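>>> Turn this into a structure:
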Amino acid sequence: MPETTTAVPAPPSTDREFTVAERSQSQLVLRRFLQHRAAVVSLGVFVALILLAYVGGWLWKYDAGQYTPDNSVPPSWDHPFGTDSAGRDQFAQVLRGTRISLQVSVSVAILATLVGTLWGSIAGYFGGWVDTLMMRISDLVLTLPLIAVAAMLAHNFGGTWYLIALVIAALYWAYVSRVARGVVLSLREKEFVEAAKALGASDSRIILRHLVPNALGSILVNLTILVALAILLETSLSYLGFGVTPPDTSLGLLVSEAQTALTTRPWLFYFPGLFIIIIALTINFIGDGLRDAFDPQQTKVRQ
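A predicted model of the protein is given here:
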């Protein structure tokens, strides 16, 4: 009788296959940013504040310029932030002031970042006398007393929010130019720049397509800082009477108009001041999160 053999199954292999998912630079940056809890919470608060200012103003039952019979009413269900001596709803006024202040600060950040990045990149790339001349001009702008010069320029050319934004941007671009120059100086000797030169790329293409994108992390961090600095400077100018003028309004102008009523109607002063503090704090925390996200060597993260 023929002998039958039974096939014995091979034991399962103990070797496990590991697959490593490749992540792009943007995914790594996003992951590190999301690990910064304070920055994520601040981003949510800032977005909510923007929606409240732009959407809430249209949905709120009172308009910023609407007069009501409720004169100097403290905060209530009908008027959450109270009213002024003319009966205008302070909540509607704060929402409108927040819109103008955000428009000024974001415009300043964008304009100053564009000009400063281009200026600093050109100076850092070419070096030599070009760098010396351009950086001495930046140093001259940096030595100017900000509030004094901004007040003088705003008094002569200001009044509307976009002119105030131009005045402030004209004083803040030099800060970004120093940062952009420093980053470009460290990048211009890299292999990818030498390769672009060997392939015949023009200087403008190297600056715009190779150097600026690689300096984007530092530029974005400084952009967020400029938003906070701009809203504080706009507040200072409006408080001194050199900023946004009626019929426009801003958070700084609301604080300035309420200083005489601080003891009798304090809600007129505290609520726009609170919004200024919230905006400045959230922007600073967002900037910290971006700094830690773009710099992998950062190990100290504010929780």
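>>> So for the one helix or strand S121 maps to, what gets flagged as buried?
Per DSSP states H and E, S121 falls inside helix 90-126. Across helix 90-126, burial judged by 16 or more other C-beta atoms under 10 Å covers 90-109, 111-113, 115-125. For glycine as for every other residue, the C-beta is placed from the backbone atoms N, C-alpha and C.
>>> helices and strands around it, which ones?
Counting contacts by 3 or more C-beta pairs under 8 Å, 6 or more residues apart in numbering; DSSP states H and E, helix 90-126 packs against helix 37-54, helix 56-59, helix 128-143, helix 161-187, helix 203-206, helix 216-240, helix 251-258, helix 267-294.
>>> How far does the helix or strand harbouring N156 sit from its chain's centre?
Secondary-structure element containing N156, defined by DSSP H and E: helix 146-157. Centroid separation between helix 146-157 and its chain, computed with C-alpha atoms, centre = their mean, to the nearest Å, is 23 Å.
>>> cool, stretch 41-49 as well?
Distance, stretch centre to chain centre, for stretch 41-49: 12 Å (C-alpha atoms, centre = their mean).
>>> Likewise for stretch 132-150?
22 Å.
>>> contact partners of that stretch?
119-120, 122-123, 167-168, 171, 173-175, 177-178, 181, 233, 236-237, 240, 242 (C-beta atoms under 8 Å, 6 or more residues apart in numbering).
>>> cutoff 6 Å now
Residues outside stretch 132-150 that contact it (C-beta atoms under 6 Å, 6 or more residues apart in numbering): A123, V167, L171, A174, S177, S236, L237.
>>> quick one, what contacts the fourth one?
Right, the one you point to is A174. Contacts of A174 (C-beta under 6 Å, 6+ apart): S138, V141, L142.
>>> re earlier: tell me the angle of the helix holding N156 relative to helix 216-240?
70 degrees (axes from the mean of the first three to the mean of the last three C-alpha atoms, to 10 degrees).
>>> Quick check: which ranges of the chain have low pLDDT?
Counting by pLDDT under 70, the chain shows low-confidence ranges at 1-25, 158-159, 295-303.
>>> Distance to V130 for the contacts of stretch 132-150 - can I get that in a markdown table?
Shown next, in a markdown table, are the contacts of stretch 132-150 (distance: C-beta to C-beta, whole Å):
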| residue | distance to V130 |
| --- | --- |
| A123 | 6 |
| V167 | 28 |
| L171 | 23 |
| A174 | 16 |
| S177 | 13 |
| S236 | 35 |
| L237 | 34 |
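>>> which one of these sits closest to V221?
S177 (14.9 Å; C-beta to C-beta).
>>> could you list every residue that touches the closest one?
So S177 contacts G116, W119, G120, S138 (C-beta under 6 Å, 6+ apart).
>>> list the contacts for the nearest residue to the third one once chain neighbours are set aside?
Just to be clear, that refers to G120. Take G120 and drop its neighbours on the chain: the residue closest to it by C-beta to C-beta, 6 or more residues apart in numbering is A180, 3.0 Å away. Contacts here follow C-beta under 6 Å, 6+ apart; on that basis A180 touches T117, G120, S121.
>>> is it true that the second one touches R181?
Spelled out, that is G120. Yes: G120 is within contact range of R181, at 3.8 Å (criterion: C-beta atoms under 6 Å).
>>> how near is the closest residue to R291 other than its chain neighbours to I286?
Computed as C-beta to C-beta, 6+ apart, the closest residue to R291 that is not its neighbour in sequence is V221, at 4.8 Å. Counting by C-beta to C-beta, to the nearest Å, the gap from V221 to I286 is 9 Å.
>>> Those two: which has the busier surroundings?
I286 (26 against 21; other C-beta atoms under 10 Å).
>>> Make sure the more buried one is actually in contact with V41.
No: counting by C-beta under 6 Å, I286 sits too far from V41 to count as a contact (9.9 Å).
>>> P75 contacts G82, doesn't it?
Yes: with contact defined as C-beta under 6 Å, P75 reaches G82; the gap is 4.7 Å.
>>> which neighbours do these two share?
W267.
>>> When these two are compared, which one has more neighbours?
Neighbours per residue, other C-beta under 10 Å: of P75 and G82, the larger number sits with G82, 20 against 15.
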